[in-house]
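[1] sequence? don't have it. structure:
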């Protein structure tokens, strides 16, 4: 039994509140600190950008790919935090006349997600100042949020925990150790990670609380909806990989023929599927929590759906 399993749910909510107070940060004072991005540095590490897959590109071109992907990385997080925040606010209603510590934890979660969205809007604007014009991110956060929130709470919380866990994994295993990255970009995700750590705990608590009230039939449908959400995420990634590959080809400073353009787009899509789908799905804790809530057959269906996205 691990430490978290020995602590009551009430205590875990309280610890999230304490951590939220302790790690609280400000966008300008703590993160940006008057700095600008420098294109002499990578934005995303090779372990996330999958730079080695871009076999036809020079080192400078791979750095440009990391910068494009870094801008998209920030924008994707801003996108998903729109629906995460809306769901957290919805769940907070269930604590209005109950555990006030749990309510405070979720209100703080919401406040932090709003701040994160503001941070990522700033980052997009700041990266736009140093990269060539022409980058496109045409995905409407409100439209995505409305579509996601049309699914069951169980499915949305499954996707949310997946996201919160891979955020931590990306920072600890790839972003923080890479000495070649932009220090400003690293700091953005250092401070993001500090608050996302307790968000993952709250996601897990709320997911388990919600799951306990479901019938087997409702859970069966929820598993289907989780699979549908993953497929919808993949649709977004395919569209953005196409847009980012076209932007690279237009701005890299040399001619890119049709065959290379297809390979570059495939490289972007492979990286995005790793970043936003497979790295989270393979997270040991996500697998542990998920498997505790579903049947073996349901798990096999999820794995088959993930395997199709290669």
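    Everything's here; your move. Please read these numbers as outputs of a predicted model, since none were measured by experiment.

[2] Confirm for me that residue 87 is in contact with residue 153.
    Yes. Taking contacts as CB atoms under 8 Å, residue 87 lies within contact range of residue 153: 7.1 Å. No exception for glycine: its C-beta is placed from N, CA and C like everyone else's.

[3] can you confirm residue 135 is in a strand?
    No. Residue 135: not assigned to a strand; according to DSSP: H, G, I helix; E, B strand; the rest coil it is coil.

[4] quick one: pLDDT of it?
    Residue 135 carries a pLDDT score of 98 in this model.

[5] what's the closest non-adjacent residue to it?
    Distance criterion CB to CB, 6 or more residues apart in numbering; nearest residue to residue 135, sequence neighbours excluded, is residue 247 at 5.3 Å.

[6] looking at it, that neighbour is touching residue 138, isn't it?
    No. Here residue 247 lies out of contact with residue 138, judged by CB under 8 Å, at a distance of 11.9 Å.

[7] So which of these two has more stuff around it?
    residue 247 (21 against 7; other CB atoms under 10 Å).

[8] Phi, psi for that one please.
    phi -60, psi -40 (degrees, to the nearest 10).

[9] In three-state terms, label the residue lying farthest from the centre of the chain for me.
    When distances to the mean C-alpha position of the chain are computed (CA atoms, centre = their mean), the maximum falls on residue 255, with 33.2 Å. Following three-state DSSP, the label given to residue 255 is coil.

[10] Check the gap between it and residue 237 for me.
    27 Å (CB to CB, to the nearest Å).

[11] again, but for residue 163
    Here residue 163 is placed at a distance of 13 Å from residue 237 (CB to CB).

[12] quick one: the helices in this structure?
    For the chain, the helices defined by DSSP state H occupy 3-6, 9-23, 46-49, 59-92, 100-128, 141-148, 153-170, 183-211, 216-251, 258-273, 279-281, 284-293, 296-307.

[13] if you compare these, which one is most tucked away?
    helix 153-170 (a mean of 23; mean count of other CB atoms under 10 Å).

[14] report the angle between the axes of it and helix 284-293?
    Here helix 153-170 runs at an angle of 160 degrees relative to helix 284-293 (axes from the mean of the first three to the mean of the last three CA atoms, to 10 degrees).

[15] And helix 153-170, what does it pack against?
    Here helix 153-170 touches helix 59-92, helix 183-211, helix 216-251, helix 279-281, helix 284-293, going by 3 or more CB pairs under 8 Å, 6 or more residues apart in numbering; DSSP states H and E.

[16] can I get the ones you listed in a markdown table with distance to residue 307?
    Shown next, in a markdown table, are the helices and strands packed on helix 153-170 (distance: least, CB to CB, whole Å):
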| stretch | distance to residue 307 |
| --- | --- |
| helix 59-92 | 22 |
| helix 183-211 | 24 |
| helix 216-251 | 11 |
| helix 279-281 | 10 |
| helix 284-293 | 14 |
